[in-house]
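Peer 1: just to be clear, the model below is a prediction. Sequence and coordinates:
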Amino acid sequence: MTTPGSPTVQPIAPTKKGFSYVLGDSTNSENHILPINASQYSAYSHQLFTAGRDGTIKVWDTDKKEQLEAQQASYGATKFSGRPGNEGDDYDSYYAEEYQDLDEKILKLETSISSNPLSYTWNKDSESENGNIDTTSSIRDGISKYSIGQNYNVHFDWINDIKLINNDHDLVSCSSDLSIKLINLDGFEQDSSSPSNNNNFTSNNSSGIHKFPNVHTDYIKKISYVQSTNHLISGGLDGKVIVWDLFGLKPLTDFDNRSSSMELPSSIYSLANSENLVSTGGPNNTINIFDKRSQKPFIRRLIGHQDNIRCLLMNDQFILSGSSDTTIKLWDLRNFKVYKNFDLHDYPVWSLENEGNDFQRFYSGDRGGNIVKTDLSFLSYNVQSEDQFHGYETFTTNDNLLIDEKLGISTVVAKESSPILSLCWEGGENTIFSSNYESLNRYMNPDTTQLSKYQYLRTCLDYSINRENQINDDIASGLAPEDSANAGSSDQNDLNSDFYDLISHLSMDTNINNFDLQSTFSAHNHNLFDSGTPPTDMLVDNDRETRESDNEEYNSMFLNVNGGPSKEFINTFKEDFEPPPESVHLQKPFKISEDILDHDERYIDETPVEILLNPIPAEQISIIPFNLKPVSEIKITPKSIISKRTFNNKRQLLVLYINGDIKIWDLLICKEIKTFPQSASSKLSMSNSKDLDLRLKEMDDIFQTYMTQDTLNNWCEVEIKAGKLLVTIKESSYLNVEVYYDDLVRSYPFLALDHPDNKAIPKNNVKVTDDDRFQVGAIFLLSIFHQYALYEWEFDAQIREELRLLKMNRRNLNGTPIDDPVETGSVSSSIRRLKYFGKKPSRTSLANLSQQPSPAASTNTSVRDLNVSENPVAEFLNFNEESISNTLTSTGVNYENSLMRLLQTNKKIYWDRYNHPGYNASKAKVVESVLKVDYIDPTVDENFSQEAIYTPLIPAKRFPSDLLIIIFEHSPDLGNYRDLCSFKLSDISNIDPKGGGSSLINDLRLNLPRWIGHPVLYNRYPHKEVPKIAFQLLECDYGSLPPDKKIGGKVQKKIKKLPVVESSIKLTSHNMLRVSKILYYLTEKFDSKTAEMKDKKLTPPDWLVLECKGEELTKEMTLQTIKTKIWKSSSDIELRFRRKFDI
């Protein structure tokens, strides 16, 4: 545990750095390729934000933004009901008066509810000119349409959660790649210099992406926002809770998710907070509550759930928890006890969402695909004073608890075919967004305000009457009331009615407005008698009706909060009601079928609501959803990769997509080069195991067709992650694969030295032959970071010139005269150096990580406002390695293994050369650079005159500009590759070599591993032992040849032998040695020249061949291929040579 205000980094085993990039189809204007894990709606911008398992965040714009903004300005949060006469929240204004008589209020509500379909809130623009609304057309034509306006590809693994912060100007995301990132939404809109307006993710501070320091060591599952203090809280599978300062993007405090030091930290699957308290949930089935201000933050453990707690909501009074045990609980923070239980689901609860933060209405989704809305707006702590029950002030706290236990209207909003992963309440038009494994759906929101109010008033009235009766009974010392006989008769009549007929229990004298009120439901042809015995024939009819009623089936979209169907409300048509033709399928019993959903144009169920007097057995009730189908359904884009196979050349892969398409991807140029689409006639579904097996067989046939004869080791690792290909390059393997120049040019013609792309290369200094070999990994890394290398080359020239001037003017590195003391240890000097070169956790000035107080106290300071130094050369010269190294180490950055350490060493080398006794600064030229970028790209130096071997570089235009690149660290203690620095190829390609410093340059200097920096900047490679293969050369046994094979017109033993000196030549060579090279070597060992050798037009491969086990070898074959594919033994390879057969 650390004290508040102290940044911390979790100590882990030493890490190694690697390089990754992501390949996959671009879906900038399409939905996610994998399910959506989290969603957020902005009431400020009227945008929907979704975060998917594909590592992308998408921003959805509405086509009615101007209308919604105008409505928001004019009406505020006012909503309009989907049907005239049911204004929902504006119920009292609809009747235009406040009814003082309680019976009259209940009567009015009962009349409004009964025999009417459940209303839904709706935008005022949906109303027609005559005031009537056609439900189908209004939903279809009036609902706004959402489309993707922005796309952020910021993570290489699942995004688990997102949160809008800072009045929705910023968005924070957390991922299974162990990183947390902040997106400045305004910054992206204002970035006019970006090459692409579609998908502009850069590491630049100006581009709006900021990365938090790496602290978590396993998947980060949840984040939560504290608006009052501008703090972010994160929790993950490592069991650690981190509190972040959002001004400096640095950790303030951290604590383990456990109740005592004797326990191991428990994984966090859910997280919520109030202003000062933090609650966590996970597989330990308990909720832990912490006070983030305390040095001993643990407060209380809430025990009650029986399975993993998947979702939490929290405010200052309550915690709402959803669990895999299928229950939802409302916890009271005053006594840490369960205030209310909700047994609404039959499947694990995976998602919770609420309107606002007061839990008046919340939404829950489960693994079975059910979405339920629960209305608690009339609980004692929520009810408004104008809606309070007359006599509410006489209720004690215990009375309110008993009443609250009976309150809550739960409505089945929708039923989906797969688990609900996220829910989002959209306040603009009051709809609900949900995501599942297959799509992003949008539903109409049922308005349950009247039902909730009716339930509240009726419950309070019943409770008040019962309480009064209890008091009277106590006063009467147990004597029965005078009207007990009448009461018993009335109760018996109630038992003979299925539906609650309020009018029969209210005196019509109370109808002061003389409204013509009808009963909620006919007595189902039951004749109710006040006294006497009915005729015998009537008794028979009544018994028959009762038996039929006992077996009748009903529909209901309402649930009892304690489990099962609602005992108060039901959906049915009255017997004397003739439903419209288009609603005939809604009559009881109603079962949703695919046929109805596919062909019916109606979106919502319009079966009227009726109020129950007596409960109906649960087995007679079928639960139906309010929404028959979503008003909009956006399917997951079927472009995720589900299978892959790597070709022998290790540069290409064959991949299978979820839509059945098969494509060949090239790992070197990061593009698909061939597609084999699934034929429209086959219509195979990859979710069907038999269809998948068929397509995999077709994939295998294609693989065999395009397989090459190469046998190479892996230079990179490729795995399917987040529906895409994650290609990982590590120090231990990137030099494993070599390719010959002619093979390279055959596959990539633009890499030929004489190609127009390379016309600037001086051909007289740079040479190449077909037998030259190049490491594939080196070609890729040099090409990716070439523009960065050019920047450092130019920057190095500026440093050398500046040092020369300092020496000439007799000044120190910090610009002070040589005779003056150097303030290398002053605080101001350290802060000045940190401003540019310190480790920034978020593409910002690294002064944030100094030991200075956090800028959180200043409301005018934001990470977006911090810029890099305007004079990078001066900052570089004044760089204090000792102080910066300590600061960076505290943030988890190994300065000693960074490129900055190498570049600072260069500075010392140059300064020593300038201070050499034999150097005259006023006359001598600038010292020579220790960088070797000119050997890689001779065009950078106009005076380059050295002989150099050609280095193939792939031009940036040959790569996809939106290629996501990640510098990561890995360790056995980490649950995944941990993102250190990520950017797009376009970001690095747009670096101006002669421009000023940028946060991307700083990130590369501090995070790029040395094993990449050495070849990129110094043309230096580690010594790698090349695998050796032993083989022997023998002349062919001509006597064993088939008689039809002739050489020089002769057969078998009559064939003239070659003039070899030795009968057997034993050799050892590197595994990439080609057959053609062996043939050249062989002719050099001949005792005399043959006729073919005297012909200068012929080369050895033109007339000589090698055989292995009777198979003739092509001249491009290597020893590794021969040993693996043909010889297949650990012993020395036997190669037999001969002339070619006659044609």
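Peer 2: Everything's here; your move. Numbers count the residues shown, from 1 in each chain.
Peer 1: show me the shaky parts of the stretch 701-850 of the chain.
Peer 2: Flagging of the stretch 701-850 of the chain using pLDDT under 70 yields the residue ranges 814-815, 819-850.
Peer 1: ok, the stretch 151-300 of the chain next?
Peer 2: Filtered on pLDDT under 70, the stretch 151-300 of the chain yields the residue ranges 187-207.
Peer 1: as a check, name the ranges of all strands in it.
Peer 2: Across the stretch 151-300 of the chain, reading from the start of the chain, the strands by DSSP state E, counting those that start in this stretch fall at 159-165, 170-175, 180-184, 209-211, 220-226, 231-236, 240-245, 250-256, 270-273, 277-281, 286-291, 298-303.
Peer 1: go through those strands and name the closest to Thr951.
Peer 2: The closest of the strands of the stretch 151-300 of the chain to Thr951 is strand 209-211. By CB to CB, the value is 32.0 Å. Every C-beta, even on glycine, is put in place using the N, C-alpha and C of the backbone.
Peer 1: in TSV, list the strands of the stretch 151-300 of the chain along with mean neighbour count and distance to Asn897.
Peer 2: Output for these, formatted as TSV (neighbours: other CB atoms under 10 Å; distance: least, CB to CB, whole Å):
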stretch	mean neighbour count	distance to Asn897
strand 159-165	22	29
strand 170-175	26	25
strand 180-184	25	24
strand 209-211	25	19
strand 220-226	23	25
strand 231-236	25	26
strand 240-245	24	25
strand 250-256	23	22
strand 270-273	24	34
strand 277-281	26	35
strand 286-291	21	36
strand 298-303	16	38
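Peer 1: please identify which of the ones you listed is closest to Asp770.
Peer 2: Proximity of the strands of the stretch 151-300 of the chain to Asp770 was assessed by CB to CB; the nearest stretch is strand 209-211, lying at 44.6 Å.
Peer 1: returning to that earlier point: could the strands of the stretch 151-300 of the chain be laid out in a markdown table, adding distance to Pro1009?
Peer 2: As requested, these are arranged in a markdown table below (distance: least, CB to CB, whole Å):
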| stretch | distance to Pro1009 |
| --- | --- |
| strand 159-165 | 26 |
| strand 170-175 | 22 |
| strand 180-184 | 21 |
| strand 209-211 | 17 |
| strand 220-226 | 24 |
| strand 231-236 | 25 |
| strand 240-245 | 26 |
| strand 250-256 | 24 |
| strand 270-273 | 33 |
| strand 277-281 | 35 |
| strand 286-291 | 37 |
| strand 298-303 | 40 |
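Peer 1: Thr607: which of those is closest?
Peer 2: Proximity of those to Thr607 was assessed by CB to CB; the nearest stretch is strand 270-273, lying at 35.9 Å.
Peer 1: circling back to that earlier point, indicate which one of the strands of the stretch 151-300 of the chain is closest to Phe750.
Peer 2: Minimum separation from Phe750 across those (CB to CB) falls at strand 209-211, 31.5 Å.
Peer 1: so what secondary structure elements neighbour that closest one?
Peer 2: strand 180-184, strand 978-984 (3 or more CB pairs under 8 Å, 6 or more residues apart in numbering; DSSP states H and E).
Peer 1: just how off-centre is it within its chain?
Peer 2: Computed by CA atoms, centre = their mean, to the nearest Å, the separation of strand 209-211 from the middle of its chain amounts to 15 Å.
Peer 1: what do you get for stretch 998-1006?
Peer 2: Centroid separation between stretch 998-1006 and its chain, computed with CA atoms, centre = their mean, is 25 Å.
Peer 1: any idea of the mean pLDDT in stretch 987-994?
Peer 2: Confidence over stretch 987-994, taken as the mean pLDDT, stands at 90.
Peer 1: quick check: longest helix of this structure.
Peer 2: Taking residue count as the measure and DSSP state H as the definition, the longest helix of the chain comes out as helix 449-475.
Peer 1: assumed Arg28 was part of a helix.
Peer 2: Rather than Arg, residue 28 is Asn. No. According to DSSP: H, G, I helix; E, B strand; the rest coil, Asn28 belongs to no helix; its state is coil.
Peer 1: burial count for it?
Peer 2: Asn28 has 14 neighbouring residues, counting by other CB atoms under 10 Å.
Peer 1: same question for Asp473.
Peer 2: The criterion is other CB under 10 Å. On that basis, Asp473 has 13 neighbouring residues.
Peer 1: what's the per-residue pLDDT of it here?
Peer 2: In this model, Asp473 is scored at 73, pLDDT.
Peer 1: for it, give me its contacts.
Peer 2: Under the criterion of CB atoms under 8 Å, 6 or more residues apart in numbering, Asp473 has no neighbours.
Peer 1: could you measure it against Tyr741, distance?
Peer 2: Computed with CB to CB, to the nearest Å, the distance linking Asp473 and Tyr741 is 104 Å.
Peer 1: with Ser464 instead?
Peer 2: When distances are taken as CB to CB, Ser464 and Tyr741 turn out to be 94 Å apart.
Peer 1: got the buried residues for the longest helix of the chain?
Peer 2: By neighbour count with 16 or more other CB atoms under 10 Å, helix 449-475 contains the buried residues 449-461, 463-464.
Peer 1: also stretch 654-671?
Peer 2: Along stretch 654-671, these residues count as buried under the neighbour rule (16+ other CB under 10 Å): 654-670.
Peer 1: quick one: mean pLDDT over that stretch.
Peer 2: Across stretch 654-671, the per-residue pLDDT values average to 95.
Peer 1: now do it: distance to the chain's middle.
Peer 2: Mean C-alpha position of stretch 654-671 versus that of the full chain (CA atoms, centre = their mean) differs by 22 Å.
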